[in-house]
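Novice: here's my sequence, what's the structure:
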Amino acid sequence: MPGAHHERGPDRTVGAPFRRSPLAAAGILRRVTTSDIPAPTQARPRQPARPATSPVVLVPVTRSDRAVLSHLGQLYRHDVSEALGHLPNDDGTFNNRRLDAFFVGADPGHEARLITVAGRTGGFVLTGVEPDGTRVLSDFFVVRALRRTGVGRAAAVATFTAYPGPWSVAFQDYNPGARAFWESVADLVAQGDWSSEQRPVPGKPELPPDTWMTLTVV
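Specialist: Residues are numbered from 1 along each chain as shown. Prediction:
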């Protein structure tokens, strides 16, 4: 017939009525799609070797350690800049007033210690003393490669137990994991003799309040 056009496919003639298989109609057979084929199991990528995590030792900072402490202080300020919303200065460095005060030596109660792990530098601790004798843990930093390994807990416990008596430490609840970490440390060194309260940041009403924990190290 003029104008008519037929094509033969591999199974049937185009235009011919489609006859469904009785098994398919009964739901016994169905078309297999790519979503039915399970994805191949991928091997977990090989992880780099982790650094040693012991022994953890606190080493008093001397004049020869000034550059080391200053460099670690920049890493620390960069670390907390995410939570605080701080940007670096035009020269690419961050302000660190507490570390500056330690270097000046205006307050003999300020002490700094390097955290060493298996003889390698792993962080630092900065402490001070209030007029009433309460010690304050003002800065605490562990490099990222050693976090969640027990190094931070060991260093914090060593800091507190070096000076039994009243202590205080401030942290920010918007800093992920800070509360859980310090409460777990306080449970170890104070045997439950600790409390916490929120206090506004002096001179910075735009910031959320800090959480101050007070504890008595036995």
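Novice: so which residues of the chain form strands?
Specialist: 56-60, 111-117, 120-129, 135-142, 165-171, 194-199, 210-217 (DSSP state E).
Novice: so how far is the last one off the chain centroid?
Specialist: If I follow you right, that is strand 210-217. Centroid displacement of strand 210-217 relative to its chain, using Cα atoms, centre = their mean, to the nearest Å, is 21 Å.
Novice: CA-only coordinates of that strand, as CSV, when you get a sec.
Specialist: Provided in CSV are the C-alpha atoms of strand 210-217 (Å, rounded to 0.1, in the frame of the first residue of the first chain):
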residue,chain,number,x,y,z
ASP,A,210,31.5,31.0,78.1
THR,A,211,30.9,28.0,80.2
TRP,A,212,33.1,28.0,83.3
MET,A,213,33.8,24.8,85.1
THR,A,214,35.2,24.8,88.7
LEU,A,215,36.7,21.7,90.2
THR,A,216,38.7,20.6,93.1
VAL,A,217,41.5,18.2,92.1
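Novice: returning to what we had before: rebuild the strands of the chain as CSV, extending it with distance to residue 42 and mean neighbour count.
Specialist: No exception for glycine: its C-beta is placed from N, CA and C like everyone else's. Shown next, in CSV, are the strands of the chain (distance: least, Cβ to Cβ, whole Å; neighbours: other Cβ atoms under 10 Å):
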stretch, distance to residue 42, mean neighbour count
strand 56-60, 36, 16
strand 111-117, 33, 21
strand 120-129, 34, 21
strand 135-142, 32, 21
strand 165-171, 39, 18
strand 194-199, 45, 13
strand 210-217, 42, 18
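Novice: could I get those strands in a markdown table, plus columns for distance to residue 153 and mean pLDDT?
Specialist: Converted to a markdown table, the strands of the chain look like this (distance: least, Cβ to Cβ, whole Å; pLDDT from 0 to 100):
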| stretch | distance to residue 153 | mean pLDDT |
| --- | --- | --- |
| strand 56-60 | 9 | 97 |
| strand 111-117 | 12 | 97 |
| strand 120-129 | 12 | 97 |
| strand 135-142 | 10 | 97 |
| strand 165-171 | 14 | 97 |
| strand 194-199 | 15 | 96 |
| strand 210-217 | 15 | 97 |
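Novice: which one of those lies nearest to residue 87?
Specialist: Nearest of these to residue 87, taken as Cβ to Cβ: strand 135-142 at 19.4 Å.
Novice: the closest one packs against which elements?
Specialist: helix 66-84, helix 97-104, strand 120-129, helix 151-161, strand 165-171 (3 or more Cβ pairs under 8 Å, 6 or more residues apart in numbering; DSSP states H and E).
Novice: my read is that residue 114 contacts residue 59, right?
Specialist: Yes: taking contacts as Cβ atoms under 8 Å, residue 114 lies within contact range of residue 59: 4.6 Å.
Novice: out of the strands of the chain, which is closest to residue 78?
Specialist: Across the strands of the chain, closest to residue 78 is strand 135-142 (Cβ to Cβ), at 10.4 Å.
Novice: let me know the angle separating that closest one from helix 151-161.
Specialist: Here strand 135-142 runs at an angle of 160 degrees relative to helix 151-161 (axes from the mean of the first three to the mean of the last three Cα atoms, to 10 degrees).
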